[in-house]
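>>> predicted model and sequence below, questions to follow.
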Amino acid sequence: MQEDKYYESLGFKCGLEIHQRLASREKLFCSCNAQMNSDTSMAEIERKQRAVAGELGKIDASATFETTRGRKFIYNAFRNTTCLVDIDEEPPHELNREALEIALRISAAFNAQVPSELELMRKEVVDGSDPSAFQRTLLVGYDSHLIVSKKKITVSSIFLEEESSRIEHSDSNVVIYNVDKLGVPLVEIDTDPDIRSPHEAKEVAERIGLLLRLNGKVQRGIGSIRQDVNVSIREGARVEIKGFQDLENMELIIEREVERQLKLVEIRTILQERKAEVHSPKEVTRVFRDTKVGVIRKNLDNNGVVFAARLEKFNGLLGREINPGRRLGSEISDYAKLAGVGGIIHSDENLAHYGFTEQELSELKKALGVEKEDAFIIVSSLKEMCKTAIEHAVKRAAHSLIGIPNETRGFDSKLLVTVFQRPLPGGSRMYPETDVRPIAVDVKQYELMKKKVVDPDEMLRGLEKEIGNKQLAEQMLWSAYLPLFKELVEKTEVSGSVIAPILLEKTKELRRSGIDVDRISSDAFRHLFIIYKKGSITKAAISEVMKQTPMNEKEVDDTIKKGNLARISGKKLAALVDAAGVKSRDGIIREVMGKYRLNVDGDELNKMLN
């Protein structure tokens, strides 16, 4: 509650965009395999892309920005998972009806309204991740909400769209993409900015993920679900943080983004009080003609140049920390780096560390007109790249006088802070898809889907009844093993109280010891519990079989045979008791179980002794 009041005082607003890949057999607009089990690349396609006007006749700012980078894009194509549709050499095929049905079931889980007719749109892609330079998307649900901690969170829209390509390699000049993932169906769930704290953002993301898993045929594992977070504060700006693949650090990164914006607001206030100003960049190559500064010397020896700019009244602020390991100078440098340079050098750094001489710095300040309260930035590279980089840097420095720019930002996984990627995109990048016909929605069928929605709270109550343990039931609700658990309880008739600890606790224990339990197939698990139900093995033997990570029924049977894990019961167990001799009850149990722990069921032994 105290956290909520603090963020409320800042005017904190937050909304989520959840992207979940669907587990359909085929891609969204072709019959290629959607499971991304690619082999060696069979072809390489090279493209360059440029920004185009959207439906409203305007060019999106983020697309324009990307075009200035002038990067080349190379696409690796694969057998079975890539075709001419993926590389934009063939029109899209008919929309994947399996994927559409999954998307509509997900919309039903949110009790969303659906359009009577689904209209496909193209969304301009600015980072080169699609060879066509656009992504196909269609609205399948709208006007919905969910309740999280007794609070209503509006779910404004649900889209069915194509997944993008995955990056194989990236630098300032070339990006290499693999297109096996391109075109895999996914749903995007968008909330309104109703979220009022970083903790609440995590809660909402968890709830949406749970609804997707319970009601949709969705892929599992790292990368199959991504969360983008839109954050703003009253005096700050709207920032989209891209690419959360798990929720472990979401709260901390949102907190640090708020911290960054607050610090930048402080810097803006100081700059305005100082009446600061950003001056146009100048070429200052002659100042450094004999320099021994390594990074500059290297560029000059390769016919490079040096540009610099005076930042009037900025002294001491470029080095001010705004996040752990990040300063205002870092923000400016990020913009310069997008032109392909390594970054900037600025006057709040330890310039002696670079090797600058007093004479060089004196000449530079004179050339720029730098005075005591001023700062400066330096960029060195090939001329065109250098000019573009210093222009980007100066533009970002100038924005410091106004406030905080609206941006799309990623995050540094080591520092756990956000970093600039590109300007925030807008509606100008959307325009109609002309190659795919509109699709009529069967409203009656959709209403039937609503009646089959799995409610998480009801599911939890059912799990508590099946497992007999509230804590394990809650773990199972959120576990990737939930579908397997339900299948095993139904098809093997083994009690959930036996199955749940093995799936939740024993797998964790074995995984920590280095055993690849994720390799065990659902068929192997099913067969294992069937023979347990028949009395062929004990519960203790199950984990021994799991250590061999069987992939099928035969491997389960072979492991039991080779490990002598068959259950000893009935007359054979009675013979073991007789062989133990005349001892106390506890003595017999210690002797039998000491030798045959994996083969003898403790309950059966107790009953026999009774």
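Cool, got the structure.

>>> all strands of the stretch 1-150 of the chain, in order?
For the stretch 1-150 of the chain, applying DSSP state E, counting those that start in this stretch gives strands covering 13-21, 41-47, 72-78, 117-118, 120-124, 134-148.

>>> and these as a markdown table, adding mean pLDDT?
Compiled in a markdown table, the strands of the stretch 1-150 of the chain are given as follows (pLDDT from 0 to 100):
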| stretch | mean pLDDT |
| --- | --- |
| strand 13-21 | 97 |
| strand 41-47 | 85 |
| strand 72-78 | 91 |
| strand 117-118 | 96 |
| strand 120-124 | 91 |
| strand 134-148 | 96 |
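
>>> which among those strands is found nearest to residue 392?
With CB to CB as the criterion, residue 392 lies closest to strand 72-78 of the strands of the stretch 1-150 of the chain, at 19.5 Å. All C-beta spots, glycine's among them, are computed from the backbone N, C-alpha and C.

>>> tell me which other helices or strands the closest one touches.
Packing partners of strand 72-78 (3 or more CB pairs under 8 Å, 6 or more residues apart in numbering; DSSP states H and E): strand 41-47, strand 174-178.

>>> what is the neighbour count of residue 527?
Neighbour count of residue 527, defined by other CB atoms under 10 Å: 20.

>>> quick one: residues contacting the closest residue to residue 106 other than its chain neighbours.
By the measure of CB to CB, 6 or more residues apart in numbering, the closest residue to residue 106 outside its immediate chain neighbours is residue 216, 4.4 Å from it. Neighbour list for residue 216: 20, 22, 102-103, 105-106, 109, 187 [criterion: CB atoms under 8 Å, 6 or more residues apart in numbering].

>>> quick check, nearest of those to residue 150?
Taking those together and measuring to residue 150 by CB to CB, the closest member is residue 109, at 19.6 Å.

>>> pull the contacting residues for that closest one.
211-212, 214-216, 453-454.

>>> among those residues, which are in helices?
211-212, 214-215 (DSSP state H).

>>> which of the residues you listed lies at the shortest distance from residue 172?
Looking across the ones in helices among the contacts of residue 109 and measuring by CB to CB, the closest to residue 172 is residue 212, at 36.5 Å.

>>> picking that back up, which two among the contacts of residue 109 are spaced furthest apart?
It's 212 and 453 that sit farthest apart of these, by CB to CB, at 12.1 Å.

>>> and the top helix by length along the chain, what's buried?
Longest helix in the chain by number of residues, with DSSP H as the criterion: helix 250-274. For helix 250-274, the neighbour count (16 or more other CB atoms under 10 Å) marks 250-251, 253-261, 263-265, 267-268, 270-271 as buried.

>>> tell me where the model's unsure across this structure.
Within the chain, the set of residues satisfying pLDDT under 70 comprises 1, 37-39, 51-68, 426-428, 582.

>>> okay, which residue is most central for it?
residue 245 (2.5 Å; CA atoms, centre = their mean).

>>> does that one touch residue 221 like I think?
No: in this structure residue 245 lies outside contact range of residue 221 using CB atoms under 8 Å: 9.6 Å.

>>> between the two, which contacts overlap?
Counting by CB under 8 Å, 6+ apart, nothing touches both residue 245 and residue 221.

>>> end-to-end on stretch 347-361?
For stretch 347-361, the first and last residues are 10 Å from each other (CA to CA, to the nearest Å).

>>> may I see the buried residues of it?
347-349, 351, 356, 360-361.

>>> farthest-apart pair in the contacts of residue 216, please.
Farthest apart among the contacts of residue 216 - using CB to CB - are 22 and 109, which lie 13.4 Å from each other.

>>> on that earlier part again, tell me which of the buried residues of stretch 347-361 is nearest to residue 235?
Nearest to residue 235 among the buried residues of stretch 347-361, with distances taken as CB to CB, is residue 348, at 24.1 Å.

>>> just give the closest residue to the closest one, not the sequence neighbours.
That would be residue 319: by CB to CB, 6+ apart, it lies 3.2 Å from residue 348.

>>> same question, residue 482
Closest to residue 482 by CB to CB, 6+ apart is residue 476, at 5.7 Å.

>>> emit the PyMOL select command for whichever of the ones in helices among the contacts of residue 109 are buried.
Restricted to buried positions by 16+ other CB under 10 Å, the PyMOL selection for the ones in helices among the contacts of residue 109 reads:
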select buried, resi 211+212+214+215
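
>>> quickly list the domain ranges of this protein.
2-270, 277-400, 455-567 (automatic domain parsing).

>>> roughly how far is the last one from the heart of the chain?
Average the C-alpha atoms of domain 455-567, do the same for its chain, and the two points are 29 Å apart (CA atoms, centre = their mean, to the nearest Å).

>>> element containing residue 458, please.
helix 456-467 (DSSP states H and E).

>>> same check, this time on residue 561
Applying DSSP H and E, one finds residue 561 within helix 553-562.

>>> quick one: buried residues of that helix?
553, 555-557, 559-560.

>>> check stretch 107-123 too.
Quick answer for stretch 107-123 (16+ other CB under 10 Å): 107-110, 112, 114, 118, 120-123.

>>> buried stuff in the helix or strand where residue 604 lies?
Here residue 604 is covered by helix 602-609, with elements defined by DSSP H and E. By neighbour count on 16+ other CB under 10 Å, the buried set for helix 602-609 is 604-605, 608.

>>> of those, which is the nearest to residue 584?
residue 605 (14.1 Å).

>>> mind giving me the packing neighbours of the helix holding residue 561?
helix 522-533, helix 539-546.

>>> ok, which stretches of the stretch 401-550 of the chain are helices?
443-451, 456-467, 470-478, 482-492, 496-501, 507-512, 522-533, 539-546 (DSSP state H, counting those that start in this stretch).

>>> any chance of CSV for the buried residues of helix 602-609, columns distance to residue 202?
Shown next, in CSV, are these (distance: CB to CB, whole Å):
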residue, distance to residue 202
604, 47
605, 48
608, 52
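
>>> so what's the backbone phi/psi at residue 551?
phi -100, psi -10 (degrees, to the nearest 10).

>>> report the contact partners of residue 257.
Contact analysis of residue 257 by CB under 8 Å, 6+ apart lists 231, 239, 241, 409, 417-418.

>>> and if we set it to 6 Å?
Counting by CB atoms under 6 Å, 6 or more residues apart in numbering, residue 257 makes contact with 231, 418.

>>> do residue 204 as well
So residue 204 contacts 148, 153, 195 (CB under 6 Å, 6+ apart).

>>> hang on, the earlier thing: distance to residue 178 for the strands of the stretch 1-150 of the chain - can I get that in a markdown table?
Converted to a markdown table, the strands of the stretch 1-150 of the chain look like this (distance: least, CB to CB, whole Å):
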| stretch | distance to residue 178 |
| --- | --- |
| strand 13-21 | 15 |
| strand 41-47 | 8 |
| strand 72-78 | 5 |
| strand 117-118 | 29 |
| strand 120-124 | 21 |
| strand 134-148 | 16 |
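
>>> quick one: closest of those to residue 337.
strand 72-78 (17.5 Å).

>>> the stretch 151-300 of the chain: strands as residue ranges?
Going by DSSP E, counting those that start in this stretch, the stretch 151-300 of the chain shows strands at 151-162, 166-170, 174-178, 185-191, 225-232, 239-244, 277-278, 282-283.

>>> any idea how far the second one is from the chain center?
Averaging C-alpha coordinates over strand 166-170 and over its chain gives two centres that are 15 Å apart (CA atoms, centre = their mean).
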